[in-house]
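*Asks:* sequence unknown, structure follows:
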């Protein structure tokens, strides 16, 4: 199993550009999430999904969209990039079902918005 | 929503000493408390977790304690080694919205050889 795979690993965007961060997992996990990691602020939840076709907002959803058309994929879209979105983005998946379980993280995407 | 606070932000210990990292949470309904280790440039990885029906859990040199009344939990690392140097994050998970975790701000642990 590859686990959780994110692409790209690095990206530089100009202010106002849009892009999609890709996330795929091959563990048949129901739950998938996107976090952003900023220095001194830990990991903050952007959006999450409890299954195909179901998504919801986390702590910091503004400026981001998600969709979950399949169990395996959970892309994160930046509609109009801003310098405040410069961060490291992590996708995570977990088994979920009837209780909290370990979250498996992707290797991260380092995004710089200039 | 849940608020998780973590202290200290940095911790430096001598190899062989113990290290303790503390976290508090605000939502008394939270019932799952994982700890993640993140090495420089790597992804966070789970090292230990505890559920609210347990007060203490141990795995070799790592232990976690939970005080539900006071709403705080701690990570204890004994006999620290240089490879323990990393950033450690605590998190809290709610009982009804599984896997929607709230993370602390992280502790950078430096183990000096």
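*Replies:* That came in fine, so what should we check first? The shown structure was predicted, so the numbers you read here are calculated from the model rather than taken from an experiment. Numbering: from 1, shown residues only, chains lettered A, B, ... in the order given.
*Asks:* who does the helix or strand that contains residue B:92 touch, helix- and strand-wise?
*Replies:* If you go by DSSP states H and E, residue B:92 is part of strand B:86-92. Where contact means 3 or more C-beta pairs under 8 Å, 6 or more residues apart in numbering or on different chains; DSSP states H and E, strand B:86-92 is packed against strand B:4-7, strand B:19-25, strand B:32-38, strand B:72-77, strand B:102-103, strand B:107-112. Where C-beta positions appear, they are placed from N, C-alpha and C, glycine not excepted.
*Asks:* Using JSON lines, lay out these together with mean pLDDT.
*Replies:* JSON lines is the format used below for the helices and strands packed on strand B:86-92 (pLDDT from 0 to 100):
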{"stretch": "strand B:4-7", "mean pLDDT": "96"}
{"stretch": "strand B:19-25", "mean pLDDT": "98"}
{"stretch": "strand B:32-38", "mean pLDDT": "96"}
{"stretch": "strand B:72-77", "mean pLDDT": "98"}
{"stretch": "strand B:102-103", "mean pLDDT": "94"}
{"stretch": "strand B:107-112", "mean pLDDT": "97"}
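*Asks:* Which pLDDT value goes with residue A:98?
*Replies:* The model reports residue A:98 with a pLDDT of 68.
*Asks:* brain fart, residue A:39
*Replies:* At residue A:39, pLDDT is 84.
*Asks:* do the same with residue A:94
*Replies:* Reported pLDDT for residue A:94: 91.
*Asks:* so where do the strands sit in chain A?
*Replies:* A:4-7, A:10-13, A:19-25, A:31-37, A:43-51, A:54-57, A:64-66, A:76-78, A:87-94, A:104-105, A:109-113 (DSSP state E).
*Asks:* Quick one: those strands as a markdown table, columns for distance to chain B and mean neighbour count too.
*Replies:* Formatted as a markdown table, the strands of chain A follow (distance: least, C-beta to the nearest C-beta, whole Å; neighbours: other C-beta atoms under 10 Å in any protein chain shown):
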| stretch | distance to chain B | mean neighbour count |
| --- | --- | --- |
| strand A:4-7 | 8 | 18 |
| strand A:10-13 | 12 | 14 |
| strand A:19-25 | 12 | 19 |
| strand A:31-37 | 4 | 25 |
| strand A:43-51 | 4 | 21 |
| strand A:54-57 | 8 | 14 |
| strand A:64-66 | 14 | 19 |
| strand A:76-78 | 16 | 18 |
| strand A:87-94 | 4 | 24 |
| strand A:104-105 | 4 | 22 |
| strand A:109-113 | 9 | 18 |
